[in-house]
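Participant: the following comprises the amino acid sequence and a computationally predicted model.
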Amino acid sequence: MTDINLPMILFAAFLAAASPGPATLAIAGTSMSSGRRAGLALASGVTTGSFIWSVSAAFGLGALMAANAWVFEVIRYLGAGYLLWLALKAGRSAWAGHKLATKPLPPTTAGRAYVKGVALHLTNPKAVLFFGALYAIGVPVGTPPGDLIMVILAVGVQSMIMFHLYAVIFSSRPMTAAYTSAKRWFETFFALAFGAIAVKVLTTRLG
């Protein structure tokens, strides 16, 4: 693996996972509102989506998709629609505030949280572009499949640790206590953030 710039790949992936985005916002919100189990499940879903995009880019599917603009357009509109739905959901929760609901909503299950995480990352059009650029710059053409798998695992494990660490941090007692005391403000922030990202996805040219 002497020709593979693994430190650069891992550093770029670290910056991508550390920067605020739909995944980190969703993990934070779910961990604070529904607990550590749901937060970890959502983080696992995001990690699964990350692995899928990473494998796709490493073995050339990313380049194939980039050559077909309509695929990205479909992903872009699906992603924006899903983010807008999350924004609406957070907005409704913020609007309700501390009012007692006549029929309490069921708690988020681990299965639902996992599916939400997968859907969130698979409908992110920036993810496949990021991984495509990452492998194009850091991995030379003709790299053996075995070395590609090692890179995929290294990036995947690093992302998994970071995403799950977010879930642990945001489900801690101080964070859940802060969320409980200022639920309306947190949900308002999440609604505005998801909405802003959705608009950015819709208005940014991908190619």
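Facilitator: That came through, no problem.

Participant: tell me which helix or strand in the protein has the weakest average pLDDT.
Facilitator: Least confident helix or strand, the chain: helix 61-66 with a mean of 61, by mean pLDDT, DSSP states H and E.

Participant: same for the longest helix seen in the chain, what does it pack against?
Facilitator: Once the chain is assigned using DSSP state H, the helix that runs over the most residues is helix 69-96. Under the contact definition 3 or more CB pairs under 8 Å, 6 or more residues apart in numbering; DSSP states H and E, helix 69-96 sits against helix 22-34, helix 61-66, helix 125-138, helix 183-203. Quick note: C-beta positions are derived from backbone N, CA and C, even for glycine.

Participant: least confident of those, on average?
Facilitator: Among the helices and strands packed on helix 69-96, helix 61-66 carries the lowest mean pLDDT, a mean of 61.

Participant: what about the residue nearest to Ala16 when sequence neighbours are not counted, distance to Arg37?
Facilitator: The spatially closest residue to Ala16, leaving aside those adjacent along the chain, is Phe130, at 5.8 Å (CB to CB, 6 or more residues apart in numbering). Going from Phe130 to Arg37 by CB to CB, to the nearest Å gives 29 Å.

Participant: any weak-confidence spans in this structure?
Facilitator: Applying pLDDT under 70 to the chain flags the ranges 1-2, 61-72, 94, 96-107, 205-207.

Participant: what residue is smack in the middle of it?
Facilitator: Ala23 (2.8 Å; CA atoms, centre = their mean).

Participant: contacting residues for it?
Facilitator: 17, 46, 117, 120-121, 124, 163 (CB atoms under 8 Å, 6 or more residues apart in numbering).

Participant: out of the residues you listed, grab the one that's most surrounded.
Facilitator: Val46 (32 neighbours; other CB atoms under 10 Å).

Participant: checking the nearest residue to that one once chain neighbours are set aside next. Helix, strand or coil?
Facilitator: Nearest non-adjacent residue to Val46, counting by CB to CB, 6+ apart: Gly117, 4.2 Å away. On the three-state scheme (DSSP: H, G, I helix; E, B strand; the rest coil), Gly117 is labelled helix.
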